[in-house]
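Trainee: This is the structure alone, sequence omitted:
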Ligand SMILES: Cc1ncc(COP(=O)(O)O)c(C=O)c1O
């Protein structure tokens, strides 16, 4: 039974916070350090439900840099630069592919995606946008029009016209019934048919995530994104890579595009970029920026000194402390553990996938029918919570996306807990305690 303070805060949220669901949220998060957060009951939980705190919760260097920035100047001036913003702009352009020559700072990922398609339309004079089944790009009207999940745009009336949706490379549930070992990226070739039968012949851009995060942690096979980029180039279509979730070390590379040396025409980044302080950015090639009139960009809070200071110190921490490499090593360990778990329980773990510290296990009732099995994920989440591991997933896909500073010991504990919770759910095995 939670204490008075927790109950009071939960009641306030339930009464006044439109984005709070008492049926699914029973805790009040109060503090964080590293890969752990602490709730108002003093429970310490290893955080597997993160996609923001890439350098860990309240990293001391980040806290110190932000305290310094707060004392100097909090407000950014639209169209004017500040020291942190000028330095961050240079840094961002230097650390991304050299075809991307400028950056535009805003406050959230959805805004970046919105701008990317607006600019692609203006610059090309074409209007259609090709998006993907299962893709999730945010919550604005343009974003929900691009989203490839009906539940993410349901009953908001007509969405933005001109969006075409094609299947993503979800190989575990390939809509074409093919296998990645032999299909030779059939789903990329299929885009020719999408153009032929569904387009009006003026596709401005395609937008794609290196892995589909919100859409179910779906990782395409190696080489898919390269083929997609080649297809876009051959068809004179702007290639927009949405790395809002996958950037700043998440997949074990600073940017996921490094896995295949991609050179997108536009790159969307955000989330882990500010590691808790809202900042997101669009990078693009010169000819795309040139299509805008002076003053068409801008905005109230984009590029403010606090957010830019945060992004700068995040980059420093990631680089100086070897966190990207660390994410790869710990991610490989967890992936291996999850694969062993799948070998032990093949009847319920249909698929295990991921890169770096963006990992997932897909649970099914039966490996043949692949019917989703969300109840077992709920059981594992509850049992893990009791043992100090927070799992945010509510579907049949169990996401493991901790802050990138999770230690090897914490990762081992997490894997032990998930294993014992699953064994317990299946009536097989012993409990793990810390
Ligand atoms: C790939 C991707 N793009 C865009 C967004 C939207 O970002 P934001 O929530 O910052 O608006 C998200 C959010 O999860 C995302 O995962």
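Mentor: The structure has been received and is ready for your questions. Being a predicted model, the structure only gives us computed values, none of them experimental.
Trainee: what comes up buried for stretch 157-171?
Mentor: 160, 162-171 (16 or more other CB atoms under 10 Å). Backbone N, C-alpha and C define where each C-beta goes, glycine included.
Trainee: With respect to the ligand, which of these is nearest?
Mentor: residue 168 (12.2 Å; CB to the nearest ligand atom).
Trainee: which element is that closest one on?
Mentor: Under the criterion DSSP states H and E, no helix or strand holds residue 168.
Trainee: Could you check the pLDDT of the closest residue to it other than its chain neighbours?
Mentor: In this structure, residue 168 finds its nearest non-sequential neighbour in residue 132, 4.1 Å apart by CB to CB, 6 or more residues apart in numbering. pLDDT recorded at residue 132 is 98.
Trainee: ditto for residue 393
Mentor: The model's pLDDT for residue 393 equals 86.
Trainee: Also residue 99?
Mentor: For residue 99, the predicted pLDDT is 98.
Trainee: Could you list which residues are in contact with it?
Mentor: By CB atoms under 8 Å, 6 or more residues apart in numbering, the residues touching residue 99 are 263, 265, 285.
Trainee: can we see that at 10 Å?
Mentor: 263-265, 267, 283-286 (CB atoms under 10 Å, 6 or more residues apart in numbering).
Trainee: SS state for it?
Mentor: Secondary structure assignment for residue 99 (DSSP: H, G, I helix; E, B strand; the rest coil): coil.
Trainee: Mind checking which of the contacts of residue 99 land in strands?
Mentor: Using DSSP state E, the members of these that fall in strands are 267, 283-284.
Trainee: re the thing from before, and the residue nearest to residue 168, how many neighbours?
Mentor: The number of residues packed near residue 132 is 27, by other CB atoms under 10 Å.
Trainee: tell me the contacts of it?
Mentor: By CB under 10 Å, 6+ apart, the contact list for residue 132 reads 146-148, 164-170, 187, 206-209, 212, 215, 218, 220, 228.
Trainee: Go ahead and confirm residue 366 touches residue 373.
Mentor: Yes. Here residue 366 reaches residue 373: they are 8.6 Å apart, a contact under CB atoms under 10 Å.
Trainee: Mind listing the shared neighbours of the two?
Mentor: By CB under 10 Å, 6+ apart, residue 366 and residue 373 have these common neighbours: 348, 350.
Trainee: what's the longest helix in the protein?
Mentor: helix 323-344 (DSSP state H).
Trainee: Report the distance from that one to the chain centre.
Mentor: In terms of CA atoms, centre = their mean, to the nearest Å, the centre of helix 323-344 is set 18 Å apart from its chain centre.
Trainee: Stretch 418-430 now?
Mentor: 29 Å.
Trainee: What residues sit buried inside that stretch?
Mentor: Neighbour-count burial for stretch 418-430, counted by 16+ other CB under 10 Å, picks out 418-425.
Trainee: Contacts only, for residue 274.
Mentor: 52-54, 62, 107, 248, 280-281, 306-311, 313-314.
Trainee: For the closest residue to the ligand within the chain, grab phi and psi.
Mentor: Nearest residue of the chain to the ligand (CB to the nearest ligand atom) works out as residue 109 at 2.3 Å. Backbone torsions for residue 109, taken as degrees, to the nearest 10, come to phi -60, psi -40.
Trainee: what about residue 366, how many neighbours?
Mentor: Neighbour count of residue 366, defined by other CB under 10 Å: 11.
Trainee: so what's it scoring on pLDDT?
Mentor: At residue 366, pLDDT is 95.
Trainee: doesn't it fall inside a helix?
Mentor: No. Counting by three-state DSSP, residue 366 is not found in a helix; it is coil.
Trainee: Enumerate every residue touching it.
Mentor: Residue 366 is in contact with 347-348, 350, 373, counting by CB under 10 Å, 6+ apart.
Trainee: Among those, which lie within strands?
Mentor: residue 350.
Trainee: any idea which of the contacts of residue 366 is closest to residue 192?
Mentor: residue 350 (30.6 Å; CB to CB).
Trainee: Tell me the one of the buried residues of stretch 418-430 nearest residue 43?
Mentor: Taking the buried residues of stretch 418-430 together and measuring to residue 43 by CB to CB, the closest member is residue 421, at 16.7 Å.
Trainee: my read: the closest one touches residue 363, true?
Mentor: No. Taking contacts as CB under 10 Å, residue 421 lies outside contact range of residue 363: 12.0 Å.
Trainee: Next, show the common contact partners of the two.
Mentor: Shared contacts of residue 421 and residue 363, counting by CB under 10 Å, 6+ apart, come down to 376-377, 379-380.
Trainee: Just the ones of these in helices?
Mentor: 376-377, 379-380.
Trainee: residue boundaries of the strands in the stretch 151-300 of the chain?
Mentor: Using DSSP state E, counting those that start in this stretch, the strands of the stretch 151-300 of the chain run over 163-166, 203-208, 238-243, 266-269, 280-284.
Trainee: As CSV, these with distance to residue 343 and mean pLDDT would be great.
Mentor: Shown next, in CSV, are the strands of the stretch 151-300 of the chain (distance: least, CB to CB, whole Å; pLDDT from 0 to 100):
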stretch, distance to residue 343, mean pLDDT
strand 163-166, 34, 98
strand 203-208, 32, 98
strand 238-243, 32, 98
strand 266-269, 36, 98
strand 280-284, 39, 98
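Trainee: would TSV of those strands with distance to residue 257 be doable?
Mentor: Output for the strands of the stretch 151-300 of the chain, formatted as TSV (distance: least, CB to CB, whole Å):
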stretch	distance to residue 257
strand 163-166	20
strand 203-208	11
strand 238-243	6
strand 266-269	7
strand 280-284	11
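Trainee: Could you save these as CSV and add columns showing distance to the ligand?
Mentor: Formatted as CSV, the strands of the stretch 151-300 of the chain follow (distance: least, CB to the nearest ligand atom, whole Å):
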stretch, distance to the ligand
strand 163-166, 15
strand 203-208, 9
strand 238-243, 5
strand 266-269, 7
strand 280-284, 6
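Trainee: Cool, thanks, talk later.
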